[in-house]
Every structure is written in C-alpha cells, then in structure tokens.
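S.K.: next one to model:
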Amino acid sequence: MLDNESPILSPERKEHFDELVDEGLWGQISAELADLPAADIAELLSHYGEDSIGRLFECLPAELKPDVLAELPPDLAAGLAAGGMR
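M.R.: This next block holds a predicted model:
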C-alpha cells in the first residue's frame, strides 16, 4: 500500500473524487482513475462505502482491475471480485 504522502489521498484530491461521485460523472471518474497506479486506486476505493465502491471499481479498465484487487484488503477484494458491491 501507499505511504501517507500519496497525492491521491490529499484532502483536495479526495474532495475532487467525492464531487465526481456525488454528481455521477462516471465517465470522468473512469478517465481519471485509468491514469493512476493500482495502489493509489485501491487506497482511494478503500475510503468509500459499499454504495459507491462497486460503481468506482466498475469504472476501471478491465486490464487494471486485477492489479487493484491485489492491492485491496482481502475481504474488500473478494466482495468486488464476486460482484457483490454494486
């Protein structure tokens, strides 16, 4: 996982993604997530509840999903891999 210096976890960055989620801008979220390392995406996803995390995960390109799952806590990864968090 990432250290606390990660720019993805800055308050401004979290607020930015919160606004995108609140507005349902899934296409923009998808484009922005695709440019991030898997560990950063996993750290970001871990800050959301089940109502949003499944949608965020679905925004990821298919080739990035396994790498993100590998970075998540096992219980969270299992739920997403099973499609149970939508």
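S.K.: for the chain, which segments count as helices?
M.R.: According to DSSP state H, the chain carries its helices in the segments 11-23, 26-34, 38-45, 50-58, 65-71, 74-81.
S.K.: TSV for these, including mean pLDDT and mean neighbour count?
M.R.: C-beta: built from backbone N, CA, C; applies to glycine. Below are those laid out as TSV (pLDDT from 0 to 100; neighbours: other CB atoms under 10 Å):
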stretch	mean pLDDT	mean neighbour count
helix 11-23	90	13
helix 26-34	93	15
helix 38-45	91	21
helix 50-58	88	17
helix 65-71	95	16
helix 74-81	90	15
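S.K.: doesn't residue 46 make contact with residue 73?
M.R.: Yes. Contact status for residue 73 versus residue 46: in contact at 7.1 Å, counting by CB atoms under 8 Å.
S.K.: which residue is nearest the middle of the chain?
M.R.: For the chain, the residue nearest the mean C-alpha position is residue 45 (3.4 Å; CA atoms, centre = their mean).
S.K.: who's in contact with it?
M.R.: Going by CB atoms under 8 Å, 6 or more residues apart in numbering, residue 45 touches 53, 56-57, 68, 72, 76.
S.K.: give me that answer again for 6 Å
M.R.: Contacts for residue 45 (CB atoms under 6 Å, 6 or more residues apart in numbering) come out as 53, 56.
S.K.: residue 56 too?
M.R.: Shown in contact with residue 56 (CB under 6 Å, 6+ apart): residue 45.
S.K.: how close does it sit to residue 19?
M.R.: Going from residue 56 to residue 19 by CB to CB, to the nearest Å gives 14 Å.
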